[in-house]
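Undergrad: A structural model of the following input is requested.
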Amino acid sequence: MSGFVEKPEPLQVPGLVHLHTGKVRELYRTEDGDLVMVASDRISAYDWVLPTEIPDKGRVLTQLSLWWFEQLADLAPNHVLSTELPAGAPADWAGRTLVCRSLEMVPVECVARGYLTGSGLAEYRETRTVCGLALPEGLEDGSELPAPIFTPATKAAVGDHDENVSYEEVARQAGAETAAELRQLTLAVYSRARDIARERGIILADTKFEFGFDGERLLLADEVLTPDSSRFWPAATWEPGRAQPSYDKQYVRDWLTSPASGWDRYSEQPPPALPQDVVEATRAKYTEAYELLTGTPWA
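TA: I've put the predicted structure just below:
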């Protein structure tokens with residue numbers, strides 16, 4: 001069992017139709033047919049959306065995505081139309097809301113990996129492959145790959161795991177032409193972002209993108225290159241052969257699996273509320289990632 005510990009009731013806003021409650025975002029449709037994405041301060045771990053929020057997290061995700069969309073505009077057009085609040089929206093939506101084109105989404109998580117860790121490392125240890133792609137012997141946790149690789153996954157519902165799939169499966173589901181375009185765009189965007197992050201002392205180990213069609217145009221959608229969708233490591237302390245410190249929710253994961261939480265992640269019991277020190281440390285990691293990447297202090 002997993003999912004929401006306490007599923008929130010979506011706010012009803014005149015002129016907007018609520019479509020979906022995700023792990024982090026609420027999705028609405030305007031009367032003109034555009035989408036409104038509102039990033040909450042919710043945080044998830046181990047397939048649970050936790051009962052404790054991280055202040056400012058949704059704004060960090062939104063503002064960092066906007067910054068990255070600007071850096072990538074020449075490589076991959078995106079779905080953002082406006083950051084203006086819809087009429088009647090609450091003041092709390094400011095800074096966390098995007099008005100976007102409604103796209104026909106491709107049901108694939110487009111994952112790019114430049115370093116070996118996570119589920120890719122687990123598969124490599126068993127088969128010396130990741131998503132069916134053969135890799136050389138001798139790689140360790142945190143090793144840089146000879147070249148970035150495209151390792152797609154299926155999109156999962158809240159509470160379920162994304163499942164890694166082969167490129168051939170993406171081609172079967174989405175068509176050969178779309179699969180080729182997804183791979184090309186994913187690796188191009190990852191490579192650009194990796195180089196930008198490296199200049200700022202951050203390693204972009206891996207990340208995932210979502211794409212959708214606006215007519216025949218494939219657009220970058222949802223969030224992009226945030227601590228929720230990417231692994232960012234400090235370059236100064238990178239050392240293959242061990243788990244790397246990261247700019248994300250590692251504090252949350254570490255506390256949940258520690259004796260202090262009293263929670264067994266393999267049980268069917270929902271995780272407990274987070275203590276204040278874990279909340280503050282996690283917020284600090286998100287804002288630090290924003291500041292290092294953009295060069296702008298978090299207000």
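Undergrad: List the contacts of the residue nearest to residue 36 when sequence neighbours are not counted.
TA: Among residues not flanking residue 36 along the chain, residue 28 sits closest, at 4.2 Å (C-beta to C-beta, 6 or more residues apart in numbering). Bear in mind the C-beta positions are built from the backbone N, C-alpha and C, glycine included. By C-beta atoms under 8 Å, 6 or more residues apart in numbering, the contact set of residue 28 is 13, 16, 17, 18, 19, 35, 36, 38, 86.
Undergrad: and if you look at residue 203?
TA: By C-beta under 8 Å, 6+ apart, residue 203 lies in contact with 115, 194, 197, 232, 233, 234, 235, 238, 244.
Undergrad: just residue 190 next, same as before
TA: Counted by C-beta under 8 Å, 6+ apart, residue 190 has contacts 112, 114, 148, 204, 207.
Undergrad: Show me what the helix or strand where the second one lies packs onto, helices and strands only.
TA: For residue 114, the host element (DSSP states H and E) is strand 108-115. The helices and strands touching strand 108-115, judged by 3 or more C-beta pairs under 8 Å, 6 or more residues apart in numbering; DSSP states H and E, are strand 144-150, strand 153-154, helix 167-174, helix 176-199, strand 202-214.
Undergrad: Most tightly packed of the ones you listed?
TA: strand 202-214 (a mean of 22; mean count of other C-beta atoms under 10 Å).
Undergrad: What residues are bridge-paired with residue 214?
TA: Using DSSP bridges, the beta-bridge partners of residue 214 come out as residue 217.
Undergrad: I figured it hits residue 106, correct?
TA: No: with contact defined as C-beta atoms under 8 Å, residue 214 does not count as touching residue 106 (11.9 Å).
Undergrad: hmm, which helix or strand of this structure has the shakiest average pLDDT?
TA: Here the helix or strand of the chain ranked lowest by mean pLDDT, DSSP states H and E is strand 163-164, holding a mean of 84.
Undergrad: Please list the outside residues in contact with it.
TA: 111, 119, 120, 123, 130, 131, 151, 152, 153, 154, 156.
Undergrad: What number of residues are in the vicinity of the closest residue in space to the third one that isn't next to it in sequence?
TA: Which is residue 120. In this structure, residue 120 finds its nearest non-sequential neighbour in residue 130, 4.3 Å apart by C-beta to C-beta, 6+ apart. For residue 130, the count of nearby residues is 23 (other C-beta atoms under 10 Å).
Undergrad: sorry, back to before: ranking the contacts of residue 203 by neighbours, who comes first?
TA: Within these, most neighbours by other C-beta under 10 Å means residue 232, with 26 neighbours.
Undergrad: Looking at the helices and strands packed on strand 108-115, which is nearest to residue 253?
TA: Closest to residue 253 of the helices and strands packed on strand 108-115, according to C-beta to C-beta: strand 202-214, at 15.6 Å.
Undergrad: picking that back up, extract the C-alpha trace of whatever helix or strand comes next after the strand holding residue 114 and format it as PDB.
TA: Using DSSP H and E, the helix or strand that follows strand 108-115 in sequence is helix 118-127. Written as PDB, here are the backbone C-alpha positions of helix 118-127 (Å, rounded to 0.1, in the frame of the first residue of the first chain):
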ATOM      1  CA  GLY A 118      19.800   4.400  -8.400                       C
ATOM      2  CA  SER A 119      17.800   1.800 -10.400                       C
ATOM      3  CA  GLY A 120      20.400   2.000 -13.200                       C
ATOM      4  CA  LEU A 121      23.100   0.800 -10.800                       C
ATOM      5  CA  ALA A 122      20.900  -2.000  -9.500                       C
ATOM      6  CA  GLU A 123      20.300  -3.300 -13.100                       C
ATOM      7  CA  TYR A 124      24.000  -2.800 -14.000                       C
ATOM      8  CA  ARG A 125      25.100  -5.000 -11.000                       C
ATOM      9  CA  GLU A 126      22.900  -7.800 -12.300                       C
ATOM     10  CA  THR A 127      23.300  -7.700 -16.000                       C
END
